[in-house]
Structures are given as structure tokens and as C-alpha cells.
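Colleague: Mind looking at a prediction? Sequence and model below.
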Amino acid sequence: MFRLLRPLAASVTYTRWLHILIPGAGYSVWMFISPNSPWAPMVFAVPVGLVPGMRLAEGVQAQLLLAPEERGTADAAISATSAATWGDRWRTVLWLEIRMVLAVPVGYATVWLSATAVDLVLTAFGNGPSNAWLVRGVEPHWWYVLLAPLPLLVLLAIVVISGNLINASAQRLLGPSPVQRLTALEERTEQLLERNRIARELHDSIGHALTVAVVQAGAARAVHDPEFTERALTAIEETGRDALDDLERVLRVLRESGTPVGQRPTLVEADRLLDSARGSGAKIDAAVSGPLEQVPGAVSREGYRILQESLTNVLRHSGAVPVRVRITVAHGRLELEVTNPLTDSTAVQGGGSGLRGIRERAALLGGKAKTGPHEGEWRVHASLPLNGLG
């Protein structure tokens, strides 16, 4: 029972009623001017609906009155855009026709049923003849007033049903076209990918800087050597400055969507990562073969982040241990391998978000990345195609 009455307490029920009656007002004016051509407004709706901007006007009005809770949302069922195709234009024409067809009976029911309720009340108190269809031809009596709510209840039922009907029609005829839905889906996918990329950037860059700072500070406290402490503080300062630069790049992407990705570090700048790891006490054995400067920007940038996260994991989980780094550019691929001895704490890193990010970066470029124990060592091996096709 309460579910049936709930629509009567919703404001959208009455805004939909108003939306239906608006064309009826214009139709009534036309009938007063030219009562012999009731079909003219229906014909006139065709050229009006073919105007691209008419779809925008109708969409805004429908959002405001039929589904106000969806107004301004990205996934609104009723779109507010101009017609982009002839299919959109003809759907707008059909929408205008449905509005006028529905406005006539609902408008007539509104006037007639309201007048019937008033007539019942007046007749019950002997203030007029009984013209109400419920009691026509019957002598007036006081109990007619008890029948007055009946036509109003019928009217409210018509309002609810017609409101749901016009809203469903609007979603069907004014809703996003398949092309618009596909475009919106692509934009949303791009936004999610960009957010994931920014999250990886922050994780890799800031995580690496904090790991280096923690390792350096711990080593300086344990050694009690002023000279070593000086070197540690210098390494922390340089790593922190690099992290701030990376953070500024990422924040610039958030502030300005047009920031060129080419400003992000590439493998040509790998020496600063290796020097930072050496400054943390790790013994780095690095070898580079092949022209790094000829590696495509996207591959080189992701390779830099993979190397950064690999070194960060070594410092975080294994500490100052020997690390072997091999970077090779040959046969249309970039091969990157980072290995270090297995320690008791190395095994716990297998499920971390950093290693998962390494695999995701490689997969996005059509390559592969493997992380885990290998022949008594912990190994990160990434193979990236230079042409991005795998």
C-alpha cells in the first residue's frame, strides 16, 4: 500500500506532470486561433525537431523536469547535447510528437477531473446543478462531497502513469546514441588508465626516494662515521630533490591535461638511479649495451620506472646487497634484468603493488615481465618490444 502511495510524495511526479502539460498549453492556444486545423502543430513539429539545437533544448528541459536527480551526472539516461546525426534528429521529431499526443489527454483529464471534483462539492451544498458525471440526473445530496476525492485519485493515478511513460520515452529517444555511449566509455577508460598511471608514478618515485632515505639514515646511525654520514646525507638530499622533481611532473599532469609526457625521466637518465642505489650502500654491477637514446620514448620511460621499482624493492627488502643490472637494446627489444641474492626478507615482496605495477607496465607495452626467485637469486626481468606490438 505504501509503495503505491510513495510516488505521490515525490516532487518529480509533479514536475513530470508540468512537463506533460507544457505542450498542451501551446496546443490550446493554437486551437483557439485555428480550431479547424488541429493537425497543424503535429506537422510543424517535424521541421522544428530536425533543427540540431532542438535536441539540446529538449534534453535540458527533460533532465530538469523528468529526472532532476541525474542532471549533471556523467551517466545520465537523458543527454543534453545537440543532434549529431540524422538519427538523433528524427528521434527528436518523434519525441516532440509523443509529447503533443500525450499532452492532449492528460491536459483534458486534468481539467475535467478537477472540475468534476469541484462540481461534486458545489452540488452537495446546493450551490449549483448536478453536472458531474458521477451523479448526473440524481437529486443533490450532502453525501456527494464524499465522492469528490474519487476523480482526484483517478487524476493522480493518470499523472503517475503518464509521468513514468514520458520519462521512459525520454530515455529512449533523448538518451545517448550508441556512438555517444561508446565515446563516453572510451573517455572514462582513458581517465581510469591515467589515474592508474599517476598512482604508479607516485608509488615508484616517492617510494624509491623514501626507501633510499630510510636505508641511508639507518646505515649512518649504525656506522657512527662522520664521513659516511656526510655521504649519506648528500645521497638523501639528492634523492629527495629528484623525488620532488618527479612529484612536480605528476602534479603538473593533474593540473594541466596537456602536459607532454616527454618530460618524464627515461632510461638515458638511469645513472642517477644507479648512483642513488650505490649511495645507499648497494654494490651495483651495471652493464648497458645498445643505443638507449634510440629507444622510443614510451618504452624508455616505462623501462626507467621498472628499473626504479626493481632497485627500490632490493633496498627495501634486502638492504645493501650486491645487485646486478643488465640493460640491453637489440633485435627490436629492450631487455632489462635486475638480480640480487635471496635473503630471508626477499620472499615477502612477491605480492606487492610495486611488482604488480612492473608487470602491468610491461603488459601495456605488449611486453612481459617476470619477478621472483631464479637460480638462487631474486630476479626481475622485463622484455619490452620497441615497436609496442609485442
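Modeller: Received, thanks. Numbering: from 1, shown residues only.
Colleague: what sits up against stretch 165-181?
Modeller: 16, 19-20, 55, 58-59, 62, 66-67, 77-79, 81, 84-85, 87-88, 91-92, 94-95, 98-99, 102, 184 (C-beta atoms under 8 Å, 6 or more residues apart in numbering). Yep, even glycine has a C-beta here, placed from its N, CA and C like the rest.
Colleague: and what of stretch 377-386?
Modeller: 295-296, 299, 302-303, 306, 310, 313-314, 318, 329, 332-342, 346, 349, 355, 358, 361-362, 365-374.
Colleague: let's go with 7 Å and repeat that
Modeller: Contacts to stretch 377-386, defined as C-beta atoms under 7 Å, 6 or more residues apart in numbering, come from residues 295-296, 299, 302-303, 306, 310, 332-342, 346, 358, 362, 365-371.
Colleague: Please pick the buried ones from those residues.
Modeller: 295, 299, 302-303, 306, 310, 333-340, 342, 346, 358, 362, 365, 367, 369, 371 (16 or more other C-beta atoms under 10 Å).
Colleague: if we can go back for a sec, now go through the contacts of stretch 377-386 and say which are in strands.
Modeller: 333-341, 368-371 (DSSP state E).
Colleague: Surely residue 286 forms part of a strand?
Modeller: Yes: under DSSP: H, G, I helix; E, B strand; the rest coil, residue 286 sits within a strand.
Colleague: The nearest residue to it once chain neighbours are set aside bridge partners, please.
Modeller: Of all residues not flanking residue 286 in the chain, residue 325 sits nearest, at 4.2 Å (C-beta to C-beta, 6 or more residues apart in numbering). Counting by DSSP bridges, residue 325 is bridged to residue 286, residue 338.
Colleague: these two touch, right, residue 270 and residue 305?
Modeller: No: using C-beta atoms under 7 Å, residue 270 is not in contact with residue 305, being 11.0 Å away.
Colleague: more neighbours, these two?
Modeller: residue 305 (25 against 22; other C-beta atoms under 10 Å).
Colleague: hang on, isn't that one packed against residue 361?
Modeller: Yes: with contact defined as C-beta under 7 Å, residue 305 reaches residue 361; the gap is 6.2 Å.
Colleague: can you map out the helices along this structure?
Modeller: Assigned by DSSP state H, the chain shows helices spanning 2-5, 11-33, 40-49, 52-65, 86-124, 149-173, 178-223, 226-255, 270-279, 297-317, 353-364.
Colleague: most packed of those?
Modeller: Most buried of the helices of the chain, by mean neighbour count (mean count of other C-beta atoms under 10 Å): helix 297-317, with a mean of 23.
Colleague: next one: that one to chain centre, how far?
Modeller: 29 Å (C-alpha atoms, centre = their mean, to the nearest Å).
Colleague: Need the mean per-residue confidence for that helix.
Modeller: On average, the pLDDT along helix 297-317 is 84.
Colleague: got the domain boundaries for this protein?
Modeller: The chain breaks down by automatic domain parsing into domains covering 2-176, 182-385.
Colleague: Which of those domains has the lowest mean pLDDT?
Modeller: domain 182-385 - the lowest mean pLDDT of the domains of the chain, at a mean of 77.
Colleague: what about the residue nearest to residue 286, how many neighbours?
Modeller: By the criterion of other C-beta under 10 Å, residue 325 has 23 neighbours.
Colleague: Residue 235 is in contact with residue 279, correct?
Modeller: Yes: the criterion here is C-beta under 7 Å, and residue 279 meets it with residue 235 at 3.2 Å.
Colleague: shared neighbours of the two, anything?
Modeller: residue 216.
Colleague: Using CSV, lay out the ones in strands among the contacts of stretch 377-386 together with distance to residue 286.
Modeller: CSV is the format used below for those (distance: C-beta to C-beta, whole Å):
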residue, distance to residue 286
333, 19
334, 15
335, 14
336, 11
337, 11
338, 10
339, 12
340, 13
341, 17
368, 22
369, 19
370, 20
371, 19
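Colleague: out of those residues, what pair is the most spread apart?
Modeller: Within the ones in strands among the contacts of stretch 377-386, 333 and 341 form the most distant pair, 27.0 Å apart (C-beta to C-beta).
Colleague: What's the separation between residue 336 and residue 5?
Modeller: Separation of residue 336 from residue 5 (C-beta to C-beta, to the nearest Å) stands at 67 Å.
Colleague: now the residue nearest to residue 286: how far from residue 298?
Modeller: From residue 325 to residue 298 the distance is 21 Å (C-beta to C-beta).
Colleague: Mind listing the residues bridging to residue 368?
Modeller: Legend: beta-bridge partners of residue 368 under DSSP bridges are residue 383.
Colleague: close enough to count as contact, it and residue 361?
Modeller: No: with contact defined as C-beta under 7 Å, residue 368 does not reach residue 361; the gap is 11.0 Å.
Colleague: rewinding a little: dump the helices of the chain to TSV, plus distance to residue 143.
Modeller: Formatted as TSV, these follow (distance: least, C-beta to C-beta, whole Å):
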stretch	distance to residue 143
helix 2-5	25
helix 11-33	30
helix 40-49	43
helix 52-65	39
helix 86-124	7
helix 149-173	12
helix 178-223	57
helix 226-255	72
helix 270-279	93
helix 297-317	84
helix 353-364	76
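Colleague: which ones are touching residue 291?
Modeller: residue 329.
Colleague: what's the residue lying closest to residue 289 once chain neighbours are set aside in contact with, if anything?
Modeller: Once flanking residues are discounted, residue 289 sits nearest to residue 328: 5.0 Å by C-beta to C-beta, 6+ apart. By C-beta under 7 Å, 6+ apart, the contact list for residue 328 reads 289, 290, 335.
Colleague: Among those, find me the one that's closest to residue 37.
Modeller: Within the contacts of residue 328, the smallest distance to residue 37 is 80.5 Å, found for residue 335 (C-beta to C-beta).
Colleague: Find the nearest non-adjacent residue to the closest one, please.
Modeller: Closest to residue 335 by C-beta to C-beta, 6+ apart is residue 328, at 4.3 Å.
Colleague: quick one: that neighbour from residue 359, how far?
Modeller: For residue 328 relative to residue 359 (C-beta to C-beta), the value is 20 Å.
Colleague: I am finished for the moment; much appreciated.
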